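**Q** got a predicted structure here, sequence first:
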Amino acid sequence: MIKKANIPEITQKHLHGIKNLSIEDINKILELSNFFKLKNREKDKNYPILKGRTIINLFFEPSTRTLISFEIAAKRLGADVINMNIEGSSLRKGESLHDTAQTLGAMNPDLVVIRHGIDNASKQISEIINCPVINAGEGINEHPTQALLDAYTIVDNKRSLKNITVAICGDLEHSRVARSNYYLLKKMESNVRFVYPEFFKPKDLNRYDVETYTNLEEGITGTDIVMMLRIQNERITDTNLPSKESYFEEFGLTYEKLKLANPDALVLHPGPINRNVEIEDRLADDLDKSVINEQVENGVAVRMACLSIMVK
Amino acid sequence: MIKKANIPEITQKHLHGIKNLSIEDINKILELSNFFKLKNREKDKNYPILKGRTIINLFFEPSTRTLISFEIAAKRLGADVINMNIEGSSLRKGESLHDTAQTLGAMNPDLVVIRHGIDNASKQISEIINCPVINAGEGINEHPTQALLDAYTIVDNKRSLKNITVAICGDLEHSRVARSNYYLLKKMESNVRFVYPEFFKPKDLNRYDVETYTNLEEGITGTDIVMMLRIQNERITDTNLPSKESYFEEFGLTYEKLKLANPDALVLHPGPINRNVEIEDRLADDLDKSVINEQVENGVAVRMACLSIMVK
Amino acid sequence: MIKKANIPEITQKHLHGIKNLSIEDINKILELSNFFKLKNREKDKNYPILKGRTIINLFFEPSTRTLISFEIAAKRLGADVINMNIEGSSLRKGESLHDTAQTLGAMNPDLVVIRHGIDNASKQISEIINCPVINAGEGINEHPTQALLDAYTIVDNKRSLKNITVAICGDLEHSRVARSNYYLLKKMESNVRFVYPEFFKPKDLNRYDVETYTNLEEGITGTDIVMMLRIQNERITDTNLPSKESYFEEFGLTYEKLKLANPDALVLHPGPINRNVEIEDRLADDLDKSVINEQVENGVAVRMACLSIMVK
């Protein structure tokens, strides 16, 4: 049996993004996540500090893995969990978000987790609903719990984020994962690189204080962390993309290319992986190099920490 | 912390409709709802009197808001809740209802909540399943928990249902909400008006002892409650309907028209709203006039009351 | 109130199929099921020995009744239950199974229940996930909990499986239910007959030590148990099948044909029934002959037994 958790206070009422978090906030979340990671490895995974609370997972985009991660997190904390899966396409998004938020808000939830296709959904809904809101991925803006679990995974393996060099590689244009990681890593004084093929050049590149590379080999040379992004096919409207084979050839991570990174470099990916597109099949499963499974495990712990802290 | 609830007995084993309830039954449900409304505003919303019980939400029609309301209600009462969402269209309804009921009944549920497209589904299923059944909306027959939550909302604001004048407006032809409200309001000695455009004239109008109006302005003049109905597009087979714009023009509720009602008249709507079709956008959100959000909050409380009472 | 259950050990870590179970294993599961059947008829159905545990129902094939049976079973045992419904068709099955298993495994589940279209899914996933796995039906291989609930139902009515004669009738070619029942009944020294029309002759017939019949009347003559199978329309690719009417004529079970079985013969069917195709409508509902509803009730109890035993 493990000891009792100390649930800290942070500066934010909502978890809209990493951008608003202080360095101390981030450290508090990561520390508490550590407690839940250990708890989750015990037989009895219940830590029912949210007993009697109602948490609604409001997902306007399909995302089985993130939804399940939040669902498991909330249940292990003893909360009553309601999943609401709404296919964004069947609704005029602006309207439905407003009315759905109003309806759910009237049911006295203690926290709402939202995933949505538009960039500001988390903030919008928090202005309607009278409870804390956690952004579980919105538009191409932020996905803060993903960045927190990535940070946890890196710290767990590398001890610190300070001064390590992280290459974020692939579909930078459409990636909220990249943006949240950027904000977090910069706050924690990591060196951040954006590595992308020309057709995935982020339109808002001038906002980010990063080294940029359009060649994967160069971009990962000498790095400690190679963070491969998922190609968000569903968001790509431009059809002038290369075939999977030629994308892999140019921008897929292989054992061969990974040799250019530091000898103990780790590979991260937010999942689900497009195998042999973003990463060589065997490399993704190589537990000496890839920490993709650790990311998933840490994800549940980080979300338990966030839920514990945000619910008042 | 609030005091303990006193769970009353009512005359009915099942909640098929308002028609079978006595005045005393209705008053008991509304009184208990009040307890749960307060409980739902506390941090700890659990009142686990249904712990160890199994409640099945059997929905043959999609209805996210009603389903979630029942799901939250059952979970806050500590029950094990099973959601079964069956698309009515994929089954020959009569058959599937029978066999599904038989199967579920064999799993020893303590209560089944049913929503179905046919008028008698709740009664039919109660003859197969050996546990209490709550009708969560069936065909164009009844939707008793909606009428109960509407009644709660009116009493909460107007102290009593007796002698108040209620205009039920819009798609009377297809509305089970209207029918359940009619039965409830007549029992409680309200004055009830049916206000509908000619193309929504109810086919069974001769059953109801109401004043009728085919002009919205006239119909709401001097009323205390203006209850707007949702246009049940999915049930309309006649395509000779006016456009949304001309419907709104003629039968949509606006600030301007609402001036004809009593000065403190309240606007209700069962939701989801077709904005600027049934009600002017801003009016729906105007908390001085519209109690639509209160209806949603009260809905959870009323359903907790019904579940508490019906489960034996 | 009933006494405490004694949760036994069995020889297997996973429940992939009946084939690997010992006679003693089967008897232990059936005995414990009896405890839960009684518990499930009490008001308080909770027996929370899996409190704090996480159970994932991973269903790659739609199967409402089996899913709900497992869901109710797990909830009554106090576990946190996560349902994952994945339409098999939308994924390249081999890949998705592997990656999904890896992801779920990383979330520290205590048990995974899997249903899948391929024959070896349960074993495959158990090699990836570090927790017990229960096969809830895979390909045309096994469906062990169905055979266990059938066995429970037979023993409950006939006292023993030894020396009773069981005719398994219908779509033998595609039936995992038949295969699991075959293994179980042979272990328990029942006499097993396969009764099928020529077009449903199992391709692997030479594996089974059974009497075979291609005429239903002959096949059920003198039997104690007539187990009708569901026609697995979704798996049939050969379109040279007879019409429903002529199938019923030739291979449907009627009161008339049932007279050829022993006087107290019982009718089983795994459900859902195709009425007047596999079984005469009224016969399916005749509680003197048909134990189909008992099968469903026993299914929940058997699954509670399996979950209790398998979770470590």
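**A** All right, it came through fine. This is a predicted model, so every value here is computed, not measured.

**Q** which ones are touching residue A:59?
**A** Applying Cβ atoms under 8 Å, 6 or more residues apart in numbering or on different chains, we find residue A:59 in contact with A:66-67, A:83-86, A:114-115, A:136. For glycine as for every other residue, the C-beta is placed from the backbone atoms N, C-alpha and C.

**Q** switch the cut-off to 7 Å
**A** Contacts for residue A:59 (Cβ atoms under 7 Å, 6 or more residues apart in numbering or on different chains) come out as A:67, A:84-86, A:115.

**Q** and it, what are its bridge partners?
**A** For residue A:59, the beta-bridge assignment (DSSP bridges) gives partners residue A:85, residue A:115.

**Q** for it, give its distance to residue A:228.
**A** 24 Å (Cβ to Cβ, to the nearest Å).

**Q** also residue A:262?
**A** 16 Å.

**Q** burial measure for residue A:200, as a count.
**A** Here the number of neighbours of residue A:200 (other Cβ atoms under 10 Å in any protein chain shown) works out to 24.

**Q** list the contacts of it.
**A** Here residue A:200 is in contact with A:170-173 (Cβ under 7 Å, 6+ apart).

**Q** rewinding a little: identify the farthest-apart pair in the contacts of residue A:59.
**A** A:67 and A:86 (11.9 Å; Cβ to Cβ).

**Q** what's the helix or strand hosting residue A:27 packed up against?
**A** Assigned by DSSP states H and E, residue A:27 falls within helix A:23-39. Other elements packing on helix A:23-39 under the criterion 3 or more Cβ pairs under 7 Å, 6 or more residues apart in numbering or on different chains; DSSP states H and E are helix A:144-158, helix A:176-187, helix A:292-310.

**Q** how about the first one and chain C, any contact?
**A** No - Helix A:144-158 lies out of reach of chain C by Cβ under 7 Å from any Cβ of the partner chain, never closer than 11.2 Å.

**Q** what is the helix or strand of chain A with the lowest mean pLDDT packed up against?
**A** Across the helices and strands of chain A, mean confidence by mean pLDDT, DSSP states H and E is lowest for helix A:93-105: a mean of 81. Here helix A:93-105 touches helix A:121-126, going by 3+ Cβ pairs under 7 Å, 6+ apart.

**Q** near chain B at all, the helix it packs on?
**A** No - Helix A:121-126 stays clear of chain B (Cβ under 7 Å from any Cβ), getting no nearer than 14.5 Å.

**Q** got a list of contacts for that helix?
**A** So helix A:121-126 is contacted by A:14, A:16, A:97, A:101, A:112, A:114, A:133, A:135, A:138 (Cβ under 7 Å, 6+ apart).

**Q** okay, who's weakest in these by pLDDT?
**A** The lowest pLDDT within the contacts of helix A:121-126 belongs to residue A:97, which sits at 85.

**Q** any regions of the stretch 151-300 of chain A where pLDDT drops low?
**A** A:232-239 (pLDDT under 70).

**Q** which residues of it lie near chain B?
**A** Close to chain B, as judged by Cβ under 7 Å from any Cβ, the stretch 151-300 of chain A has no residues.

**Q** can you pull the contacts of the residue in the stretch 151-300 of chain A positioned nearest to chain B?
**A** For the stretch 151-300 of chain A, the residue closest to chain B is residue A:300, as judged by Cβ to the nearest Cβ, at 21.0 Å. By Cβ under 7 Å, 6+ apart, the contact list for residue A:300 reads A:40, A:69, A:72-73, C:107.

**Q** if we use 10 Å, what do you get?
**A** Residue A:300 sits next to A:33, A:36-37, A:40, A:45, A:68-73, A:76, A:149, C:54, C:106-108 when contact means Cβ atoms under 10 Å, 6 or more residues apart in numbering or on different chains.
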